[in-house]
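>>> sequence and predicted structure below; questions after.
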Amino acid sequence: MGRLAAFAHRLGSPRWFFDITGPWLVVLSVIGIALVTVGSVWGLVFAPEDYQQGNSFRIIYVHVPTAHLAEALYLAMGAAGVVLLVWRMKIADMFIAVTAPVGMVITGVALLTGAIWGKPTWGAWWVWDARTTSVLVLFFLYVGLMALRQAIPAREQAGRAVAVLAVVGTVNVPIIKYSVDWWLTLHQPSSFSLTEPPTMPAEMWLPLLVNVVGFYCLVAAVVLAGLRNEILERESDTAWVRDWLARKLRGSEA
Amino acid sequence: MNTQRRNRLVAIVFLLGGTAITAALVLTALEENVNLFYPPERVVNGDAPTGVTIRAGGMVVCGSVAHDASGLGVSFVLTDYKGSDFMVRHVGILPDLFREGQGILVTGELDSERVFRASEVLAKHDENYMPPEMAGIGIEAEACDSPDSTDPAFAS
């Protein structure tokens, strides 16, 4: 607990966070790009086609990672919201500010790929079942977080209001996850779970697993890059940012 | 943790708990309306209303699909494999995944003879994926031959 508490305490310093995450960003980007490249080529070219859906099933290699991330990012924002509201940690507010647009785009991709798959498979672009509707609500929650921040001019009040919405909105995540079990829906249940074997052979789910991990790394890198920019912007009148910038400029001239 | 932070944490727990309970109560109250379709059992036992547009679903009974000699008309029987079946009549294009033994959703009206007049037919795909060689190529017959292709979604 001692080490964890010390880490949490240090997180309170945006400068410390900025200093240590430089190398993380490189590592996450490299791993993410490598895995997504391998997983996508494997899944889109080499994996066998489905006996019923043919090639259109291959959209799961984008749909499943993005749908998964859409929920995970919202939960992460909810956790950051609790940290901001209880411990008033500035970096939690920056995390929510940076993650909301990323989550919105990822949710949008999940909805779009689902629609493109739905047309040839179900026979309809969109059906208002419990799963699709609750994911659409998630999309609007992301949009709402961004709109709410824009609507309140004072940064600190805006951050707290957004954090409350982020925390309350997490109620939607279990509804999304269990919608296919609780109600009769057109959307199928999950193909992956921690407790049961996958519902497809390894030559189909291995590339999917590679892509899921790769998308996580890539999105983490995007959020981290955004977070570092946000730190520089919000701390732009501090000595350490000016020093950092001076060092950067000297470096680029040399 | 100091008192102020603990109070804020308690407030958040109550806020989240309250929201969760509210959502649970609303969704429980809405239960029937959140379901996308009527399963065969509820069509047969009369829960599904006649003369209004509804959705129903079931598995296509093997050997029940009859295309009209001319035109796009087709009729078939949907079942839950538990003794409830009903007849569907549709004029129009069927989805690519429509085949005997497949899970299907139909939108339309139940007429007075409790035949479902479908205006739209959608295929319900289950969560199982497999390459053609594993499914045994004989695609038409496959869904009807293997009993494990039963989609449990319809057996409510």
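Received it, and whenever you're ready, just let me know what you need. Note that the structure is predicted; figures quoted are calculated from it, not measured. Residues are numbered from 1 along each chain as shown, chains lettered A, B, ... in the order given.
>>> where along the stretch 101-250 of chain A do the helices fall?
With helices called from DSSP state H, counting those that start in this stretch, the stretch 101-250 of chain A shows them at A:130-151, A:155-169, A:172-182, A:202-234, A:239-253.
>>> name the residue closest to the centre of chain B, please.
The residue lying closest to the centre of chain B (Cα atoms, centre = their mean) is B:Gly57, at 4.2 Å.
>>> show me the beta-bridge partners of that one.
B:Leu105 (DSSP bridges).
>>> these two touch, right, it and B:Pro39?
Yes - counting by Cβ atoms under 8 Å, B:Gly57 touches B:Pro39, with 6.4 Å between them. Backbone N, C-alpha and C define where each C-beta goes, glycine included.
>>> how about the lengthiest helix in chain B and chain A, touching?
The single longest helix within chain B, with elements called by DSSP state H, is helix B:3-34. Yes - using Cβ under 8 Å from any Cβ of the partner chain, helix B:3-34 reaches chain A at B:5, B:8-9, B:12, B:15-16, B:19-20, B:23, B:27, B:31, B:34.
>>> how far off centre is that helix?
Mean C-alpha position of helix B:3-34 versus that of the full chain (Cα atoms, centre = their mean, to the nearest Å) differs by 30 Å.
>>> near B:Ala23, how many other residues are there?
Per other Cβ atoms under 10 Å in any protein chain shown, the neighbour tally for B:Ala23 reads 15.
>>> contacting residues for it?
B:Ala23 makes contacts with A:171-172, A:175, as judged by Cβ atoms under 8 Å, 6 or more residues apart in numbering or on different chains.
>>> tell me which of these is nearest to chain B?
Closest approach between the contacts of B:Ala23 and chain B, by Cβ to the nearest Cβ: A:Val171, at 5.0 Å.
>>> need the pLDDT of the closest one.
Looking at A:Val171, its pLDDT is 95.
>>> who touches it in this structure?
Here A:Val171 is in contact with B:16, B:19-20, B:23 (Cβ under 8 Å, 6+ apart).
>>> ok, now with 7 Å
By Cβ atoms under 7 Å, 6 or more residues apart in numbering or on different chains, A:Val171 lies in contact with B:19-20, B:23.
>>> just put those in TSV and tack on pLDDT.
Shown next, in TSV, are those (pLDDT from 0 to 100):
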residue	pLDDT
B:Thr19	93
B:Ala20	94
B:Ala23	92
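>>> next, the closest residue in space to B:Thr50 that isn't next to it in sequence: phi, psi?
Once flanking residues are discounted, B:Thr50 sits nearest to B:Leu110: 4.3 Å by Cβ to Cβ, 6 or more residues apart in numbering or on different chains. Reported as degrees, to the nearest 10, the phi and psi values for B:Leu110 are phi -80, psi 130.
>>> B:Leu110 and B:Asp47 touch, don't they?
No - here B:Leu110 lies out of contact with B:Asp47, judged by Cβ atoms under 7 Å, at a distance of 10.9 Å.
>>> which of those two has more neighbours?
Taking neighbours as other Cβ under 10 Å, B:Leu110 and B:Asp47 compare with B:Leu110 leading, 22 against 11.
>>> stretch A:183-201 near chain B at all?
Yes - counting by Cβ under 7 Å from any Cβ of the partner chain, chain B has neighbours in stretch A:183-201: A:183-186, A:188-191, A:199-201.
>>> buried ones among those?
A:183-186, A:188-191, A:199-200 (16 or more other Cβ atoms under 10 Å in any protein chain shown).
>>> tell me the contacts of the residue lying closest to A:Ile33 once chain neighbours are set aside?
Leaving aside its sequence neighbours, A:Ile33 sits nearest to A:Leu218 (Cβ to Cβ, 6+ apart; 6.8 Å). Listed by Cβ under 7 Å, 6+ apart, the contact set of A:Leu218 reads A:32-33, A:36.
>>> hmm, try it at 10 Å
Residues near A:Leu218 by Cβ atoms under 10 Å, 6 or more residues apart in numbering or on different chains: A:28-29, A:31-36, A:65, A:69, A:211.
>>> now the residues you listed in JSON lines, with pLDDT, secondary structure and neighbour count?
Putting the contacts of A:Leu218 into JSON lines (pLDDT from 0 to 100; DSSP: H, G, I helix; E, B strand; the rest coil; neighbours: other Cβ atoms under 10 Å in any protein chain shown) gives the following:
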{"residue": "A:Leu28", "pLDDT": "96", "secondary structure": "helix", "neighbour count": "21"}
{"residue": "A:Ser29", "pLDDT": "96", "secondary structure": "helix", "neighbour count": "17"}
{"residue": "A:Ile31", "pLDDT": "97", "secondary structure": "helix", "neighbour count": "17"}
{"residue": "A:Gly32", "pLDDT": "97", "secondary structure": "helix", "neighbour count": "20"}
{"residue": "A:Ile33", "pLDDT": "97", "secondary structure": "helix", "neighbour count": "14"}
{"residue": "A:Ala34", "pLDDT": "97", "secondary structure": "helix", "neighbour count": "14"}
{"residue": "A:Leu35", "pLDDT": "97", "secondary structure": "helix", "neighbour count": "20"}
{"residue": "A:Val36", "pLDDT": "96", "secondary structure": "helix", "neighbour count": "22"}
{"residue": "A:Pro65", "pLDDT": "96", "secondary structure": "helix", "neighbour count": "27"}
{"residue": "A:Leu69", "pLDDT": "96", "secondary structure": "helix", "neighbour count": "23"}
{"residue": "A:Asn211", "pLDDT": "96", "secondary structure": "helix", "neighbour count": "26"}
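>>> farthest pair within those?
A:Ala34 and A:Leu69 (17.9 Å; Cβ to Cβ).
>>> can you check what pLDDT the model gives residue 148?
Because you didn't say which chain, this covers chain A. Reported pLDDT for A:Leu148: 97.
>>> wait, chain B was what I had in mind.
pLDDT recorded at B:Asp148 is 47.
>>> for the stretch 51-200 of chain A, which residues score under the pLDDT cut-off?
Where the stretch 51-200 of chain A drops to pLDDT under 70, the residues are A:194.
>>> swap in 80 and give it another go.
A:51-52, A:191-199 (pLDDT under 80).
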